[in-house]
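Chemist: The following comprises the amino acid sequence and a computationally predicted model.
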Amino acid sequence: MARTYDYLFKLLLIGDSGVGKTCVLFRFSDDSFNNSFISTIGIDFKIRTIDLDGKKIKLQIWDTAGQERFRTITTAYYRGAMGIMLVYDITNEKSFENIKNWIRNIEEHASQDVERMIIGNKCDMEDRRVVSRDRGQQLSIEYGTKFMETSAKLNHNIEEAFYTLARDIKGKMERGQGQTVGVGGTTGRYQQDSTIAAQGNNLCKNRHTFHCDFIAF
Amino acid sequence: MSVIRRKIALMGCYCVGKSSITERFVSGNFSNDYETTIEDLQTKSYKYDGKDFLLRIMDTAGHQQYSLFPRSCAFDVDGYILVYSIDDRHSFEIVQIIYDKIRDHMGDVKFPVVLVGNKIDLQSESRAVTKEEGLQLARSWEAVFLEVSAKDNIGKSKNTVKHVFEKALQEIEMSRGNVQRRSNELRVQTGMPSISAPNSPRRKRSYPVAGKWVNSCNDVNQDVDGGDEVCENPIKAAQWRALSEKRNNINQFLELHREEGLHFYLDELRHFATTRGGLIDDDFRAEIWPILAERMVTCEDEDCTDATPSCTVSRSTSGSDLQTSDFESAMSEMTNEETTPIADPEESGVDAENERLEKLQEHKEWRQVDMDVQRTLARFPPNISEQHRTTLQEDLTPLIVQILSTNPGFNYYQGFHDVLLTFLLVLGKEKALKVGLDITRSGSFRAYLLKSLEDSVLKELNLVYVILSRADPELEEVMRSVNLGGLFALSWPLTWFSHSLHNYHQIVRCFDVFLASHPLFPIYVTAAVVMYRRAAVLSVEQEMPFIHHCLNTMPHEIPVDEIIADATYLMKLMPPVLLKGRYLEEYQRNVSSSPVKTRGVSKLPRYALQLAVMGAAGAAAGYFLLTRYQI
């Protein structure tokens, strides 16, 4: 099939083990939810194409293992991401506190201009809530990110979250394009991506790729 | 008026035009360019029968090397559109396999399905499947049949892509009782004995050995169930006979030597476990696994000594990177463990049992383990009762934590629970604990628990590249050139493939051979799986994400026995000592002296010839495996 999209955005889901990253992703990519998910070992992605202000945007969304032991392994994938969703579980204090650590991880390993967003998942479990909406909001203000509470189970705010993140990336990209005309270079990454997309050469090897260094002995 | 949401999955072989059909329906376009689909969900609002529908259309990956029936197509899908191309006979065969997969998943329940023969614009040039054949197949499924062209979507009113989706919707609504069948229905009528093949009754799995649920998972029983198929297919029949014979042999062997002690016959047991079919029966496994685990094959070279230290050494070395508090609590648990070796729940009273449980619950990893155990639903064989499953899950967490608490340096990793679950399913909890303790006493699992994953499993996975560079240099170069790394296979050695294989009997078959083989054998199996997927790897876009995703998705139909045979062959050609020593050094030298070229410039691996000269055996391996899979 022909190139069915105008832009390709690479997103990444991170957060503590068990906060529901895989469920959030499956809800968005397959619109399904079931309780039989298994823990994620390693990393993989799913794809969904969305329509955004007349543009077809292909989202390649990477889901990562949340356990501490896999953290350093997965940081190798941060670099290629254009948007990162930090997910915590509103019924799990620790997962909320750890958002700080995840942010630090992003600062160390992701590219400077990556769009970030904080997600408080499982908001269907109001009776077991330990992290108030306000605290989530506060934290996101502190880090200058968007914030949403979601429920993958009830399909609450999932679409909105991904659309918002995609819109932010698109906005940043288009602004960047505007600036780079005649200036050159400053937002080369996006520039390159969209130019390539415009040429229809979606197999181009120059597009930034995810790097991983494990083959180096 | 409320919108009705329906989800439809398009499935079929690659290149039959699933995405074209979807695209034609969703946006009205058609393009001649081709891009492999991985998986995509498109939505379209559609008015049908006076109601507003929101159709979510799942365009699946058609490449047969991907799973024919991915997980995402198993849940929440309201109806299926199975597509073949009228100019491709193979694609017609594939839809039949896919249909069987769906039916196996759904059980006896009838599900809405539309069979579509695409590309009728090519019918005058290259039609390979007749309309009658399509019709007949659809009839045997009681499905609707249509021939269309996503390209020239102008045909008669009944032959457009729009109709495909309308028919699918109609089938869905009919199956829900929302719509009545119309009299001038196009749907293929059934019950016309003169034309349609007799509807073969859906196979019921009957399990000859009653009483224990585990028997249902035995390899022989699986084949026995396919009675009709066995008769039809001479190769299958021969395989089945060989397995039955092996089963009898093992049985006789066990009866003959059980009393004097089976551990005297380790070589014979290992032979059973590693050869075709493995240990075949879960009853045999329950008896033989503990003996194999007690005497695991260990590394013969010194590289492994750090992974197999005596208990005291490992405690003192690994204790240093622990928090003091953790260390102390773990030490106290360990002392406790030593004084009461393996608690026998029947002898220790309920109080003691509770106390033991409370102690374990204080372990730093309890929460994480329990969370993972709660998420193992998908791993249980389908025939297990919910009650039994819950009991097993309740047993699993303390079992794992008890093993973790034997060494304060053990750091739990997600996936270790998959390994223990397999033992629990086959052996029951007492034996599973014993085997769990045995396998963490030396070898890979000990290294995974003691060291960082970078220092253990990822180092092992690097050896996959060394194997491939000798057995299949072209494939190795492609993988290296996109910086693939070893992460796609992370769970394979970590869980002995129990996390990624789809069938219980495939998993226990792997465990048979791993319990009886060198600790690095899972790495050879990893290499063999990659080589088996060669065609798929080379056909996707040569970029890291696509190759990663391709390999990371384990196909349902993977021939485990053949893969194990290949891995055995690879290990013979490149024994672990050489692999970790000379071959690794040579590989590193070659890689650093000839850094990888940009993809696509040259298909010829730069040092292929060099390698062929260095190790004719390696090249032979590549040739052997290549020809094998191309047959």
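Modeler: Thanks, I have the structure now. Only a predicted model underlies this, so the values are computations on that prediction, with no experimental measurement involved. Numbers count the residues shown, from 1 in each chain, chains lettered A, B, ... in the order given.
Chemist: which sections of the stretch 1-150 of chain B are below the confidence cut-off?
Modeler: Per-residue confidence for the stretch 1-150 of chain B (pLDDT under 70) gives these ranges: B:1, B:34-36, B:38, B:62-75, B:107-109.
Chemist: right, and the secondary structure at residue B:76 would be what?
Modeler: coil (DSSP: H, G, I helix; E, B strand; the rest coil).
Chemist: The spatially closest residue to it that is not a sequence neighbour: how many residues sit nearby?
Modeler: Ranked by Cβ to Cβ, 6 or more residues apart in numbering or on different chains and with sequence neighbours excluded, the top spatial neighbour of residue B:76 is residue A:32, at 3.9 Å. C-beta coordinates here come from the backbone N, C-alpha and C atoms, glycine included. By other Cβ atoms under 10 Å in any protein chain shown, the residues close to residue A:32 number 20.
Chemist: neighbouring contacts of stretch B:103-113?
Modeler: Stretch B:103-113 has contacts (Cβ atoms under 8 Å, 6 or more residues apart in numbering or on different chains) with B:69, B:74, B:78-82, B:99, B:102, B:141-144, B:168, B:171-172, B:174-175, B:202.
Chemist: Looking at those, which are in strands?
Modeler: The strands, defined by DSSP state E, take in B:79, B:80, B:81, B:82, B:144 from the contacts of stretch B:103-113.
Chemist: State the distance from residue B:299 to residue B:274.
Modeler: 18 Å (Cβ to Cβ, to the nearest Å).
Chemist: again but with residue B:261, I slipped
Modeler: 21 Å.
Chemist: Residue B:494 now?
Modeler: For residue B:494 relative to residue B:274 (Cβ to Cβ), the value is 21 Å.
Chemist: Name the residue in these two with the higher neighbour count.
Modeler: A direct count of neighbours by other Cβ under 10 Å for residue B:494 and residue B:274 places residue B:494 higher, at 28 against 19.
Chemist: was I right about that one contacting residue B:413?
Modeler: Yes - look at residue B:494 against residue B:413 with Cβ atoms under 8 Å: they come within range, at 6.7 Å.
Chemist: mind listing the strands in the chain by residue range?
Modeler: Unless you meant another one, I'm taking chain A. A:7-15, A:43-52, A:55-64, A:83-89, A:115-121, A:146-149.
Chemist: I was thinking of chain B, sorry if that wasn't clear
Modeler: B:4-12, B:39-48, B:51-60, B:79-85, B:113-118, B:144-147.
Chemist: Among the ones you listed, show me which one is buried the most.
Modeler: strand B:113-118 (a mean of 28; mean count of other Cβ atoms under 10 Å in any protein chain shown).
Chemist: Report the buried members of the contacts of stretch B:103-113.
Modeler: Among the contacts of stretch B:103-113, those classed as buried by 16 or more other Cβ atoms under 10 Å in any protein chain shown are B:69, B:78-82, B:99, B:102, B:141-144, B:168, B:171-172, B:174-175.
Chemist: Where does the prediction get shaky in chain A?
Modeler: Looking at chain A by pLDDT under 70, you get A:1-3, A:178-217.
Chemist: swap the cut-off to 50 and go again
Modeler: A:1, A:180-217 (pLDDT under 50).
Chemist: Does the residue nearest to residue B:76 touch residue A:23 like I think?
Modeler: No - contact criterion Cβ under 8 Å: residue A:32 and residue A:23 do not qualify, at 9.5 Å.
Chemist: What are the neighbouring residues in contact with residue 42?
Modeler: All of this is about chain A. A:65, A:70, A:73, A:74, B:487, B:488, B:490, B:491, B:552.
Chemist: My question was about chain B, not that one.
Modeler: A:49, B:22, B:26, B:56, B:57, B:59.
Chemist: and the gap between it and residue B:83?
Modeler: Applying Cβ to Cβ to residue B:42 and residue B:83 gives a distance of 15 Å.
Chemist: Also residue A:79?
Modeler: In this view, residue A:79 and residue B:83 are 38 Å apart by Cβ to Cβ.
Chemist: that older thread, can you put the strands of chain A in JSON lines and add distance to chain B and mean neighbour count?
Modeler: Shown next, in JSON lines, are the strands of chain A (distance: least, Cβ to the nearest Cβ, whole Å; neighbours: other Cβ atoms under 10 Å in any protein chain shown):
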{"stretch": "strand A:7-15", "distance to chain B": "8", "mean neighbour count": "24"}
{"stretch": "strand A:43-52", "distance to chain B": "5", "mean neighbour count": "20"}
{"stretch": "strand A:55-64", "distance to chain B": "6", "mean neighbour count": "21"}
{"stretch": "strand A:83-89", "distance to chain B": "11", "mean neighbour count": "26"}
{"stretch": "strand A:115-121", "distance to chain B": "15", "mean neighbour count": "26"}
{"stretch": "strand A:146-149", "distance to chain B": "21", "mean neighbour count": "19"}
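Chemist: Throw the ones you listed into JSON lines and include distance to residue B:48, thanks.
Modeler: Below are these laid out as JSON lines (distance: least, Cβ to Cβ, whole Å):
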{"stretch": "strand A:7-15", "distance to residue B:48": "32"}
{"stretch": "strand A:43-52", "distance to residue B:48": "21"}
{"stretch": "strand A:55-64", "distance to residue B:48": "25"}
{"stretch": "strand A:83-89", "distance to residue B:48": "35"}
{"stretch": "strand A:115-121", "distance to residue B:48": "35"}
{"stretch": "strand A:146-149", "distance to residue B:48": "34"}
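Chemist: out of these, which comes closest to residue B:390?
Modeler: strand A:83-89 (23.3 Å; Cβ to Cβ).
Chemist: what packs against that closest one?
Modeler: strand A:7-15, helix A:21-30, helix A:93-97, helix A:99-109, strand A:115-121, helix A:158-180 (3 or more Cβ pairs under 8 Å, 6 or more residues apart in numbering or on different chains; DSSP states H and E).
Chemist: Now do the same contact list for the closest residue to residue A:141 other than its chain neighbours.
Modeler: Ranked by Cβ to Cβ, 6+ apart and with sequence neighbours excluded, the top spatial neighbour of residue A:141 is residue A:147, at 8.0 Å. Residues in contact with residue A:147 (Cβ under 8 Å, 6+ apart) are A:117, A:118, A:119, A:120, A:136, A:137, A:139, A:140, A:141.
Chemist: same thing but at 6 Å, please
Modeler: Taking Cβ atoms under 6 Å, 6 or more residues apart in numbering or on different chains, we find residue A:147 in contact with A:118, A:136, A:137, A:140.
Chemist: Filter these down to the ones in helices?
Modeler: Secondary structure defined by DSSP state H assigns A:136, A:137, A:140 of those to helices.
Chemist: from those residues, which would you call buried?
Modeler: Counted by 16+ other Cβ under 10 Å, the ones in helices among the contacts of residue A:147 give A:136, A:140 as buried.
Chemist: need the ones in helices among the contacts of residue A:147 in a markdown table with distance to chain B, can you?
Modeler: Shown next, in a markdown table, are the ones in helices among the contacts of residue A:147 (distance: Cβ to the nearest Cβ, whole Å):
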| residue | distance to chain B |
| --- | --- |
| A:136 | 22 |
| A:137 | 27 |
| A:140 | 26 |
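Chemist: Noted, bye for now.
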